[in-house]
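J.: Sharing a sequence plus its predicted fold:
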Amino acid sequence: MRREIPLFLTIFFGCMMVIGFFVPHPIVNEARSRVEEWTIILAAAAVVLGVANVARIHMHKISRRDRDFQYSFPLLFALFLMIALGVVPKDWITSIGFPAGGTDEGSPFDWLYNNAYVPMQGTMFALLAFYIASAAFRAFRIRTIEAALLAITAVLVMIGRVPVGGSISDWFNGLIHVDLWTLPEIQQWIMDIPNLAAKRAILIGAALGAIATSLKIILGIERSAIGGD
Amino acid sequence: MDWKTRLEQLDRRIIFIVIFFAVLMPLFFPLGLSIKPGPEATAFHAAIEALQPGDAVYLAADYDPGSLPELQPMLEAAIEQLCRKDVRIIAGSLWPACPPLVNRAFTEIAQGRFNKVYGTDYVNLGFKEGREVVMNQLGQSIRGVYPVDSSGAPIADMPVMSGVDSYADIKLIVNVSAGYPGTKEWVQQVRSRYSIPLVAGCTAVSAPEYFPYFQSGQLSGLLGGLAGAAEYEVLVSGSGPAAKKMDAQSLGHIVIIGFILLGNLIYFLRSREGSVA
């Protein structure tokens, strides 16, 4: 029964969602809508489960003194601090002198979000520019015809997407007195024609793959999602 | 050690310093390069211009602070244009870290510059877990999914929600997205199913993936990355934070292209010497 019940639930609810998409009958719509409400509740419960799991893993890491266990302390501290600031009653926070409580503007939660979380995440993503520049110099080697095509396309799109591409084209066209395609126009053509053809093919292929995999799960052929082989 | 070997073994900290100054200098000394809006940004702008005063728009903000430099200017410019059109804005998010960014934009633009009133002209419904299921459920009942707004206030009595409870009452969805769940899911789950016009702004890295949706008409407008945000700002107000950063991005791209060319020049010279394995 440990396999049959999850399999039955998968088949039942999977079929219900597919039928609900194509059949506009009110009864079918109502049933699908109810299932979707349950899904939202389950998803919210899964977030709580996820937080509990993160806390459990890092507490174990600390108790076993695993490698880099020190980093688990700030993680757990930040996790519980933000949860506490977000869920304690707002008037408790305002009673100790803060202008707002909960997650409202002016609350300690909001202050930490704006002054710790936003700059830290921004910093992480800003580092990408440095790594891309370094990788462009060290790893982007034109060894084959395909690599040459990739490099030429990358350069044209990179320069054509930014205003300096238009300025260079205008200057060059003015210099030779010929109305050639500008770099932004070349970039637009690359995005609209070759990029679009490739992306559309990938999208359609991925969609067909997703349909096939979903059907295999709904029909019980693919059982890895419910702990099967 | 000859100059080719020196360049080949260039300390990456020098590369970091060069890119740092290339990005930093234009912020202090702008180059003033002109920005020409492309067809995607023009279509995005036109879709909002077609709205009538009093129409309701769903603003789906699906990103987090990591994408803030690219996407926040889009959100702010969209809110500015929506406020000018005097439409009602109902904002929601499927990313947990996004609602404060929406609040910030509403406070600065809607409230600060247009004197719009929270609950009457706009509302921030906040975050809801459930991804595609939430998108579908909003088509049944917005109040069912979001009985309260991001600060816990009931939305049923808010004037901004008057006569609005599903996609049937929404004239346009404006999506600003950094990934999953985002633009692709809004197209697949909502645009195709409910036939509601959808415009999207996304990060530069994900923009090529959405061009097929724009060409097919499933997206009525598309903004890709900081460049798209800058083009849109030019259309909305002539300039803005993204437009000011485009000089920095221009120089950043030129430096990266320079490093690609330099790296390959050294590789080419080494190949001719026969010293490349």
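T.: Everything's here; your move.

J.: correct me, but B:I35 touches B:K244?
T.: No. B:I35 is beyond contact range of B:K244, at 10.3 Å (criterion: C-beta atoms under 8 Å). Every C-beta, even on glycine, is put in place using the N, C-alpha and C of the backbone.

J.: Who has more neighbours out of these two?
T.: A count of neighbours by other C-beta atoms under 10 Å in any protein chain shown puts B:I35 above the other of B:I35 and B:K244, at 22 against 15.

J.: and the more buried one, which of the three is it?
T.: Assigned with DSSP: H, G, I helix; E, B strand; the rest coil, B:I35 falls in the coil class.

J.: What of B:A60?
T.: Judged by three-state DSSP, the three-state class of B:A60 is strand.

J.: Now do the phi/psi pair for the closest residue to it other than its chain neighbours.
T.: Distances taken as C-beta to C-beta, 6 or more residues apart in numbering or on different chains put B:N175 closest to B:A60, at 4.4 Å, once the chain neighbours are dropped. When read as degrees, to the nearest 10, the backbone of B:N175 gives phi -110, psi 130.

J.: Repeat that for A:L42.
T.: Its backbone dihedrals place A:L42 at phi -60, psi -40, with angles given as degrees, to the nearest 10.

J.: List the contacts of B:G201.
T.: When contacts are counted by C-beta atoms under 8 Å, 6 or more residues apart in numbering or on different chains, B:G201 touches B:44, B:71, B:74-75, B:78, B:174-177, B:222-224, B:228-229, B:232.

J.: Surely A:M124 is in contact with B:P65?
T.: No. Counting by C-beta under 8 Å, A:M124 stays clear of B:P65, with 9.6 Å between them.

J.: how many neighbours does residue 91 have?
T.: Going with chain A. The burial count for A:D91: 9, using other C-beta under 10 Å.

J.: Correction: the question concerned chain B.
T.: 27.

J.: just checking, it is part of a strand?
T.: Yes. Checked against three-state DSSP, B:A91 lies within a strand.

J.: Comparing A:M124 and B:P65, which residue is more hemmed in?
T.: Using other C-beta under 10 Å, the more surrounded residue of A:M124 and B:P65 is B:P65, with 23 against 11.

J.: residues contacting the more buried one?
T.: B:P65 sits next to A:117-118, A:121-122, B:97, B:101 when contact means C-beta under 8 Å, 6+ apart.

J.: And it, how far from B:A43?
T.: Note on B:P65: its distance to B:A43, by C-beta to C-beta, to the nearest Å, is 28 Å.

J.: do the same with B:G54
T.: Note on B:G54: its distance to B:A43, by C-beta to C-beta, is 23 Å.

J.: Please apply the same query to A:M82.
T.: A:M82 sits at a distance of 40 Å from B:A43 (criterion: C-beta to C-beta).

J.: Kindly report the same for A:L183.
T.: 22 Å.

J.: Which of those two has more residues huddled nearby?
T.: A:L183 (24 against 18).

J.: Report the buried residues of the one helix or strand B:L7 maps to.
T.: Using DSSP states H and E, B:L7 sits in helix B:3-8. Neighbour-count burial for helix B:3-8, with 16 or more other C-beta atoms under 10 Å in any protein chain shown as criterion, is recorded at B:E8.

J.: who's in contact with it?
T.: B:262, B:266, B:269-270.

J.: What are the boundaries of the strands in chain B?
T.: With strands called from DSSP state E, chain B shows them at B:56-62, B:88-93, B:122-127, B:172-177, B:198-202, B:221-224.
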